[in-house]
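**Q** For reference, the sequence and a predicted model appear below.
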Number of protein chains: 2
Amino acid sequence: MTRLVVIGGDAAGMSGASQARRRRGPDDLDIVAFERGNFTSYSACGIPYWIGGEVTDRDQLIARRPETFREDYDIAVHLRSEVVAIEPDERTVRVRDLAAGGERDEPYDELLIATGAVPYRPDLPGIDAAGIHGVQTLDDGQRILEDLGGGCSQAVVVGGGYIGLEMAEAMVQRGIHVHLVDRGTHPMRRALDPDMGAMVAREVEALGVELHLGTGVLGFDVGDDGRVVNVATEDGDIHADVVILGIGNAPNVELARDAGLAVGDAGGVVTDRRQRTPTPGIWAAGDCAEVFHRVSRRWMAIALGTIANKQGRVAGINLGGGYATFPGVVGTAVTKVCGTEVARTGLGQQEACDVGFEVVTETVRSTTRAGYFPGAKHLTMKVVAEKRTGRLLGAQIVGEEGAAKRIDVFATALWNEMTVDDLLNVDLSYAPPFSPVWDPVLIAARKSWQAVEDDLRANP
Amino acid sequence: MTRLVVIGGDAAGMSGASQARRRRGPDDLDIVAFERGNFTSYSACGIPYWIGGEVTDRDQLIARRPETFREDYDIAVHLRSEVVAIEPDERTVRVRDLAAGGERDEPYDELLIATGAVPYRPDLPGIDAAGIHGVQTLDDGQRILEDLGGGCSQAVVVGGGYIGLEMAEAMVQRGIHVHLVDRGTHPMRRALDPDMGAMVAREVEALGVELHLGTGVLGFDVGDDGRVVNVATEDGDIHADVVILGIGNAPNVELARDAGLAVGDAGGVVTDRRQRTPTPGIWAAGDCAEVFHRVSRRWMAIALGTIANKQGRVAGINLGGGYATFPGVVGTAVTKVCGTEVARTGLGQQEACDVGFEVVTETVRSTTRAGYFPGAKHLTMKVVAEKRTGRLLGAQIVGEEGAAKRIDVFATALWNEMTVDDLLNVDLSYAPPFSPVWDPVLIAARKSWQAVEDDLRANP
């Protein structure tokens, strides 16, 4: 009997455990998962919608409970059980029981590390005050909701990435006045080029959020009760009943690093494409592990549920005796700011240059349906392509209803290393309620190819 | 000075003319287009929505008028001018002036045939009665509207393809009682497998349309005024004030065939991938020309505005001295029946078998958003994959809002000859308002790969 121990009970860990079980029965493989929190397999991405009230019940965000794993999969899940050390030589993990207290060693034959990511908390005065929250776990969500309920009238969001924007909108929906402070010149600066980001900035302001761009946070003033009262910024003090940190996160690799596992330049646990670490018997998947970017050809740290689920699946198939590889990502992401949909994939203009590509870019404005069809909405697409070859390198979309999911066509094209002149001919669907006869994706590809050819003529 | 003559003033012809002009100025290339109807560059696909009242003004369906071509592109367009003969040896066309009468010869150096398709009219008693309409041109639409306005209370649609269904819905919206007669066991039988077609049948009936499936039409009874009064079917007579023919169309190749041009097995003008016919100086594009299907590897006749626009563009670039090829299609199409979206790409189950593939299929039911997110709608996806290799061969989608455009991911995957196990890992976008964490496309690919593996184990 082999024993598989899983550290972390969310997407990657439990996908891995389930897949391993599909291939090896309980008489062959014993599976035990340790989760330091109170929940398994929940949708962290859904937290802003729970805060905003669109999702009314926390439990809706839970895909599978420990009972389900126990009864349907014969997987033992221990909640409130934190793995505090890994001993690769002994093949044991040290588990701390956060509820009852005490620690114990648990043996493993195979170990899957799926410890996720931790929200980045800048080392600033007052950062540990009550009322300053990351948005990572359902417990975080519960605490934020409690804070917002108790007479909160003004909140400050630090960081204008996906989570920052989603949380800003959620709090506006609860009638709270929101300031958003971001060091960059535009929101979502890691996802969007400045021209596209400027469009998002306008939407955020239209929502009633006070934007403080190009503004660093200096610290937090703490009241006598230990709660945050002010955010000190380069733009002056902003009163805050609640502060949300949306400044990104980092792979949670402390445990792995302490155990001597390799950590890569991007800060995640190093694995091969089967999700094996170089340390015998140890696997890693999800936000804690690095992921190969198929366009930049670099290993990166990206915390996304989609990747975690896929990497967990791959690890689980391999742990179950099958063969699977995770072929990497192309950097796709999507979000919604009020009625505006925002999506991106591949490399942005500057990112592409940083990696060493010479690029042309093209931005087109089109509609989500035939122009004459009722309900046609606007969208703007920006495409980044390689000079001379026309290889597609990235795309960004900002638009109204029906705009964002079009990024998936670009993602699939990037996956296949298509050129924009190949993409412009792809047989995409058309009917007046769904797109113009040239879908905006094809228009953007066509104009990008034109730009590549124009550049070639100008610089032969 | 070279003279380019274009036969047909809609998508393919005018795309070709415009592209040729972009590359060669009016001092170098003289461009003349002859159109037998009253309009240029209009959206035939929009006609059902004009009939249904969603598009209120015919002129909204016209993308570009003759004046625009004349003034902005230096392209002479002659309306009501039918080309009745091509003389390849003389390099002339014979043009009949349908307005003023008379015929004349016009010389060409290069000729682009873009004569479109003609609705199929079965050779049945009474077929030429007034009140029996194809749906092809704006003039058709105008005549249908006039008929529907004059005390029409019941209509019969013959044929349950895209146009038949769209017209049925349009007439229901005008308060007309509609019967739909189709020889097949389910609507859209050329687009969908029976299991998926059955879902569409239910939607059509829910709309209030009386469906007569498995029912052939025997003829039409004509009243004293020369108008249709009854449709005689295998299921009995059905009273009809108006009849709509939606039984498909065929490439309009009479002119080309008479001139000795090659017509292929699929019934369209034969061209190479640059849209050249084997006859010197003659090009063809759009519904009248055949198109290469990248999955079945066969040449086909498919009348779709998307293809016409792309082929026209390719012909125009080549006519303008550039170099472009049309790499074919994968058989993508989409429509909307009331709130239900229907899409398909690639080969259906039977089609794939007919071409010689051995297949597995998988059908999954999922949601358009995270299951817990308000407004999540249902969709059903069917995937056809090749046994053993897992190569994606086709996909069909029936679902509610946000379902159909997902077909574009399958189309892009087919374009690149992806396998379902490669597709299941593609980095598609995810956020709760847009999809479950595993987008339905990925779920369908994952389950199809499972089916391929299961089949392989069962039949090693």
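**A** Yep, it's here. Residues are numbered from 1 along each chain as shown, chains lettered A, B, ... in the order given.
**Q** Now stretch A:100-108 - C-alpha only, CSV.
**A** Extracted in CSV, the C-alpha atoms of stretch A:100-108 (Å, rounded to 0.1, in the frame of the first residue of the first chain):
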residue,chain,number,x,y,z
ALA,A,100,-6.8,20.6,19.4
GLY,A,101,-3.1,21.7,19.5
GLY,A,102,-0.1,19.4,19.3
GLU,A,103,2.0,18.1,16.5
ARG,A,104,2.6,14.7,15.0
ASP,A,105,4.6,13.1,12.2
GLU,A,106,2.8,11.6,9.3
PRO,A,107,4.6,9.3,6.8
TYR,A,108,4.3,9.5,3.1
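**Q** In that stretch, which residues are buried?
**A** For stretch A:100-108, the neighbour count (16 or more other CB atoms under 10 Å in any protein chain shown) marks A:106, A:108 as buried. In short, each C-beta sits where N, CA and C put it, glycine included.
**Q** ok but A:D72 is inside a helix, no?
**A** Yes - counting by DSSP: H, G, I helix; E, B strand; the rest coil, A:D72 falls inside a helix.
**Q** Where does the prediction get shaky in the stretch 151-300 of chain A?
**A** Applying pLDDT under 70 to the stretch 151-300 of chain A picks out no residues at all.
**Q** Tell me where it has helices.
**A** Per DSSP state H, counting those that start in this stretch, the stretch 151-300 of chain A carries helices over the ranges A:162-173, A:194-206, A:254-258.
**Q** how about stretch A:273-292, does it reach chain B?
**A** No - judged by CB under 8 Å from any CB of the partner chain, stretch A:273-292 stays clear of chain B, getting no closer than 9.5 Å.
**Q** I'd like the helices of the stretch 151-300 of chain A as CSV, with distance to A:D109 appended.
**A** Shown next, in CSV, are those (distance: least, CB to CB, whole Å):
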stretch, distance to A:D109
helix A:162-173, 37
helix A:194-206, 48
helix A:254-258, 18
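**Q** Could you point out which of those helices sits nearest B:D72?
**A** helix A:194-206 (28.3 Å; CB to CB).
**Q** Pull out the buried residues from the closest one.
**A** For helix A:194-206, by 16+ other CB under 10 Å, it's A:196-197, A:199-201, A:203-204.
**Q** quick revisit: out of the helices of the stretch 151-300 of chain A, which gets nearest to B:M1?
**A** Judging these by CB to CB, what sits closest to B:M1 is helix A:194-206, at 43.3 Å.
**Q** Select, out of the helices of the stretch 151-300 of chain A, the one closest to A:D74.
**A** Counting by CB to CB, A:D74 lies closest to helix A:254-258 out of the helices of the stretch 151-300 of chain A; the figure is 25.9 Å.
**Q** Can you give the contact residues for the closest one?
**A** Contact with helix A:254-258 is made by A:7, A:83-86, A:113, A:115, A:263, A:269, A:277, A:284, A:288, as judged by CB atoms under 8 Å, 6 or more residues apart in numbering or on different chains.
**Q** Could you work out the most separated pair of the residues you listed?
**A** Taking CB to CB, the two most distant members of these are A:V84 and A:T277; they sit 18.8 Å apart.
**Q** more neighbours, the two?
**A** A:T277 (21 against 13; other CB atoms under 10 Å in any protein chain shown).
**Q** returning to that earlier point: who wins for proximity to B:K447 among the helices of the stretch 151-300 of chain A?
**A** B:K447 lies closest to helix A:162-173 among the helices of the stretch 151-300 of chain A, at 29.2 Å (CB to CB).
**Q** Of all the helices of the stretch 151-300 of chain A, which one comes closest to A:A451?
**A** Among those, helix A:194-206 comes nearest to A:A451, with 15.1 Å by CB to CB.
**Q** Using CSV, write down the CA coordinates of the closest one.
**A** What follows is helix A:194-206, C-alpha atoms only, in CSV (Å, rounded to 0.1, in the frame of the first residue of the first chain):
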residue,chain,number,x,y,z
PRO,A,194,-1.2,51.8,-20.7
ASP,A,195,-3.6,52.7,-23.6
MET,A,196,-5.9,49.8,-22.7
GLY,A,197,-5.5,50.4,-19.0
ALA,A,198,-6.6,54.0,-19.4
MET,A,199,-10.0,52.7,-20.6
VAL,A,200,-10.3,50.7,-17.5
ALA,A,201,-9.4,53.7,-15.4
ARG,A,202,-12.3,55.6,-16.9
GLU,A,203,-14.7,52.7,-16.1
VAL,A,204,-13.5,52.5,-12.5
GLU,A,205,-14.0,56.3,-12.0
ALA,A,206,-17.5,56.1,-13.6
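**Q** Tell me if that helix is near chain B.
**A** No - against chain B, helix A:194-206 shows no contacts by CB under 8 Å from any CB, the least distance being 14.3 Å.
**Q** Can you name the residues in contact with that helix?
**A** So helix A:194-206 is in contact with A:160, A:165, A:168, A:180, A:184-189, A:192, A:211, A:213, A:337-340, A:342, A:363, A:380, A:382, A:396, A:398, going by CB under 8 Å, 6+ apart.
**Q** That helix: how far from the chain's middle?
**A** Its chain's average C-alpha position is 20 Å from that of helix A:194-206, according to CA atoms, centre = their mean, to the nearest Å.
**Q** ditto for stretch A:355-368
**A** The chain centre lies 23 Å from the centre of stretch A:355-368; the measure is CA atoms, centre = their mean.
**Q** which parts of it are buried?
**A** Neighbour-count burial for stretch A:355-368 flags A:357, A:359-362, A:364, A:366-368 (criterion: 16+ other CB under 10 Å).
**Q** what about the nearest residue to A:G223 once chain neighbours are set aside, distance to A:I51?
**A** Excluding the flanking residues, the one nearest A:G223 by CB to CB, 6 or more residues apart in numbering or on different chains is A:V229, at 4.4 Å. When CB to CB, to the nearest Å is applied, the distance between A:V229 and A:I51 equals 21 Å.
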